[in-house]
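S.K.: The following comprises the amino acid sequence and a computationally predicted model.
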Amino acid sequence: MKERIEELRNLISEYDREYYINHRSVVSDFEYDHLYKELQKLETEFPEFYNANSPTQRVATDKITEFRNVPHDFPMLSLPNTYTLEEVDAFVDRCQKTFPDQQIKFFVELKFDGISLSLRYKNKRLNMSLTRGDGVSGDDITLNVLQIKDIPKILNNIEEDLPDEIEIRGEVIMFKHSFAEINKRQIALGQKTYANPRNLASGTLKLLDSNEVSQRPLNFFAYSLLMNGKKLFSLAKNAKIIEDLGLPVNSNHYLCSSIEEIYDIIASWEEKRDELPFFIDGLVIKVDSVSQQEEMGFVSRFPRWAIAYKYSAEQAETKLLDITYQVGRTGIVSPVAELEPVELSQTIVKRATLHNEEFIRDNDFRVGDSVFVEKGGEIIPKLVGVNFEKRSPESPEFVFTKLCPCEIKSELVKYEDEAGWYCVHPLCPSQIRKKLEHFASRNAMNIDNLGERSIDEFVTRGLLSDLSSIFELKQHRNAIAQIEGWGAKSIDNLLEGIEKSKEKPFTNVLFGLGIRYVGETVAKQLVREIGNIDKLMSLTLEELVELPQIGEKIAKSIINYFSLESNLELITKLKSFGLKFEFEQFEENQSKVLFGKTFLFTGELQSFARPAATKEVESLGGKVISSISKKLSYLIVGANPGSKLKKAQEWGLSILYEEEFIKLLEESRSGNEMDTNEDVIQNENKANEDFEPKSLFD
Ligand code: IVH
C-alpha cells in the first residue's frame with residue numbers, strides 16, 4: 001500500500017505543479033479528483049504513512065518571483081462602517097422602508113479582522129485565489145492559499161446543483177495562539193516580532209516562497225457565495241451550502257427580524273469578543289434575502305444592503321504587574337490582571353479581567369509584560385494583547401494556579417467543555433463570602449448594611465457561615481457590637497433590613513440562592529411556570545428542559561443543586577425563617593409599571609448605550625419599538641436626533657429628553673424596587689457570572 005500512496009503523491013504533485021505554476025491541465029479534472037480522493041482515503045486508512053509533504057497536506061512548489069494581477073469576476077467591495085447604534089437603526093429603517101410590505105430578515109455575523117480573499121473553484125477544484133487588491137483586480141496568491149489547511153483544494157459533492165464555476169469569499173485570519181507562538185519563536189531567534197495577527201496574516205499571504213507560508217498557520221472563515229447562472233436564495237442558505245462544500249463558516253451567525261435583536265447581539269459580542277481565539281473588529285449586518293439585496297443594489301463602492309458595526313475602543317499600554325485570582329460564588333477561579341495604573345476613557349484602570357487560563361495562554365500574557373488595555377463604551381476594561389517588542393527574553397511563561405487562592409487552598413477541578421477552573425470545597429471561605437454577597441445584593445434580597453465589607457468581617461469572625469446564618473445574626477448582637485464602626489443604630493438597621501428581606505418575592509429568593517445559570521430572567525421564568533420550590537425540586541431533567549427558555553445546561557445545574565443534601569437543608573432552614581418560596585400574584589404586576597407603554601429612541605443617548613436602555617425599559621414591562629407610529633407612548637430623544645423627532649412633534653406625541661427619560665425610569669423603579677441602571681449595565685457586561693466589574697475601578 002505504501003507504494004501506491006507514494007505513486008499517487010508523486011503524480012498529484014506533478015499535476016499540481018503544472019496546474020498552479022504553468023497553468024496547464026495535464027489530466028482531466030475528473031481524473032485528478034479521482035486520484036486525489038483515492039490518496040485521501042488511503043492516507044486516512046493508513047495513518048502510519050503520514051507525510052507532511054503529501055499534496056493532500058500541502059503543495060510542494062517552486063518559488064515565484066512576482067504575483068500576477070488578475071481581474072475579479074465580481075468586484076470586491078467594502079462595507080460602510082459605523083460606530084453608532086443610531087446608524088444601525090437608520091440602516092434597518094432604510095431597508096424596511098425599501099420593502100414596506102415585506103418582512104426583512106437580517107443576517108448578522110462576526111466581522112473578522114483579517115484579509116479578504118476570493119477563491120474560485122472550477123469543477124469543484126480550487127482554480128485560483130486572489131487578494132482584494134483595488135477591488136477590481138487582485139494578486140494571484142493561489143500557491144500560498146494552497147498551504148491553508150482550512151481551505152479545501154477539492155470541494156465536497158453536495159445535493160445542491162451548482163454551476164461549474166463558483167466563487168467563495170471570506171477572511172484569512174491568524175488565531176491569537178498561533179500569533180503568540182510565532183512571536184515566541186522570533187524572540188528565541190533574536191528576530192523582530194510582529195505587531196498583530198492581521199499584519200502577520202497579510203504579510204504571510206504575500207510571501208513569495210509558499211513553503212515558508214506553510215510554517216505559519218493561517219485560518220479562513222467564508223462569508224460569501226457568488227456564481228452566475230443560478231439563483232441564490234438567502235445568506236443563511238448560502239452559509240449552509242458553503243459549509244457542506246467543506247469550507248469553514250463561523251457558527252456565530254444570527255437571523256434577526258428586529259432592531260432590538262440586532263442590538264442584543266451587538267451588546268453581547270461587545271463583551272464576549274475578546275474571549276474568541278481570534279480578533280473581530282465588529283459585526284456585519286446584511287439583508288438576508290438575495291433578491292432583496294439585488295433590488296437594493298450598490299452605491300459607489302458599497303452595498304446598500306449591508307453595514308459593518310465596529311466596536312470603538314480606546315487603547316493604552318501599561319505594565320502587567322501581577323496576575324491574581326478571584327473566586328466567584330460558584331467556585332470559579334478567575335484570573336485578574338493587576339496593572340500599573342493607566343488613564344483610559346477618563347478613568348484610571350488598575351485591574352482587568354483575564355477571563356480564564358485559555359485566554360492567558362492564547363495571548364501568552366506574562367507577568368512583567370507591556371500590555372495593551374482597551375475600554376469601549378462599556379464598563380469593563382480588557383487586555384487585548386502583548387507588546388512583544390518589549391518582552392524580556394527571560395520572562396517565564398505564566399502558569400495557572402492549581403490551588404484555590406483561599407485559606408483552605410483546595411485543589412481546583414475542571415469540568416468538561418468549560419474553560420474555567422473551579423474550587424469545589426464546600427467550606428471555601430471565598431465562595432461563601434461571594435454567595436452571601438450575592439444573596440444580600442440589591443437584585444436579590446436587597447439587605448441594607450450587608451455589603452462586601454461587613455460580610456467579610458462577619459465570615460472572618462465566624463458570625464456568618466451560610467445563607468441561613470444571616471437570619472440568625474440577631475443572636476450575635478453583642479458580638480457585632482464589638483466590631484469597630486458598628487453602633488446600636490447600624491446594628492438595628494442591619495437587623496431590620498434582614499427582617500424586611502423576608503418579604504421579598506420568591507423570584508428574588510430563587511435568584512439569591514445563586515444556582516448556576518439561574519440569573520434573574522431564568523428565576524422569573526421558573527417562578528411563573530412552576531409556582532413553588534417543592535414542585536421545582538421534584539422536576540426531572542426531561543420536565544425541566546420542556547419549559548420555555550430552559551436549556552439542558554440550566555436544567556442540569558438545577559438538578560445538580562437540589563441533589564446536594566446541604567442545599568436541601570438550607571432551603572428547609574430558610575423556609576423556617578419565613579422566606580417566600582411560593583409565587584404570589586403581585587409579583588406579576590410588580591415588574592409591569594410600564595406595561596403597555598411603547599418607547600422609540602432617536603439620537604445618541606449620553607448616559608447609556610441603547611441596548612442597556614432597551615433592557616431597562618423591558619425590565620419595567622415596557623416595549624421598545626423600531627419605527628414611529630401615532631400610538632407610540634414616548635419618543636426618547638438623545639443628541640443629534642433624526643427625523644423621528646419632527647414627526648413626533650407633528651403628531652403631538654409625548655417626547656422625553658434624556659434626563660426626563662431617566663427620571664421616568666427612576667420613578668418606575670422606585671415604584672417597584674427594580675434594579676438600578678448601573679446594575680443593568682453591569683449585568684449585561686458581566687464577562688462571566690462571577691466576575692465583579694465594579695471592583696476593577698477605584
Ligand atoms: S461581507 C460587499 N462579511 O470587511 C462586501 N465582510 O469592509 C461584502 N469582513 O473587505 C463583505 N468579516 O474583508 C463581509 N462577515 C464578514 C466579514 C467581512 C470581515 C471584511 C472583508 C471586507 C471588509 C468590509
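M.R.: Noted; the coordinates are in hand.
S.K.: State the distance from Glu18 to Ile12.
M.R.: As judged by Cβ to Cβ, to the nearest Å, Glu18 and Ile12 stand 11 Å apart. C-beta here means a position set from N, CA and C on the backbone, and glycine is covered the same way.
S.K.: Sorry, wrong one. I was asking about Ser668.
M.R.: For Ser668, the distance to Ile12 (Cβ to Cβ) stands at 70 Å.
S.K.: More neighbours: Glu18 and Ile12, which one.
M.R.: For Glu18 versus Ile12, neighbours defined as other Cβ atoms under 10 Å are more numerous around Ile12 (22 against 14).
S.K.: which residues does that one contact?
M.R.: Ile12 sits next to Tyr32, Leu35, Tyr36, Leu39, Pro55, Thr56 when contact means Cβ atoms under 8 Å, 6 or more residues apart in numbering.
S.K.: what do you get if the cut-off is 6 Å, keeping everything else the same?
M.R.: By Cβ atoms under 6 Å, 6 or more residues apart in numbering, the contact list for Ile12 reads Leu35, Pro55.
S.K.: Wait, a strand at it?
M.R.: No. According to DSSP: H, G, I helix; E, B strand; the rest coil, the state of Ile12 is helix, so it is not within a strand.
S.K.: Output the set of residues of the stretch 51-200 of the chain in proximity to the ligand.
M.R.: Proximity of the stretch 51-200 of the chain to the ligand is confined to Leu77, Ser78, Leu79, Glu109, Leu110, Lys111, Phe112, Ser116, Glu171 under the rule Cβ under 6 Å from any ligand atom.
S.K.: ok, of these, which come out buried?
M.R.: Neighbour-count burial (16 or more other Cβ atoms under 10 Å) is assigned, among these, to Leu79, Glu109, Leu110, Lys111, Phe112, Ser116, Glu171.
S.K.: who's whatever residue of the chain ends up closest to the ligand bridged to?
M.R.: The minimum distance from the chain to the ligand, using Cβ to the nearest ligand atom, falls at Ser116 (3.0 Å). Note on Ser116: beta-bridge partners by DSSP bridges are Glu171.
S.K.: got it, and Val327?
M.R.: Val333.
S.K.: What about it, how many residues nearby?
M.R.: Other residues near Val327 come to 23 when the count uses other Cβ under 10 Å.
S.K.: got a list of what it touches?
M.R.: Here Val327 is in contact with Val333, Cys423, Ser430, Gln431 (criterion: Cβ under 6 Å, 6+ apart).
S.K.: gap between Thr56 and Lys41?
M.R.: Using Cβ to Cβ, Thr56 is found at 10 Å from Lys41.
S.K.: Check the residues of the stretch 51-200 of the chain next to the ligand and tell me the two furthest apart.
M.R.: Within these, Leu77 and Leu110 form the most distant pair, 18.7 Å apart (Cβ to Cβ).
S.K.: And the pLDDT at the most centrally placed residue in the chain?
M.R.: Among the residues of the chain, the one closest to the centroid is Lys272, at 2.7 Å (Cα atoms, centre = their mean). We note a pLDDT of 86 for Lys272 in this prediction.
S.K.: repeat for Tyr263
M.R.: Per-residue confidence (pLDDT) for Tyr263: 92.
S.K.: Need the residues that contact the helix or strand harbouring it.
M.R.: Assessed by DSSP states H and E, Tyr263 sits inside helix 259-272. Residues from elsewhere that reach helix 259-272, judged by Cβ under 6 Å, 6+ apart: 89, 92, 108, 254, 256, 309, 311, 378, 610-611, 614, 624, 626, 684-685.
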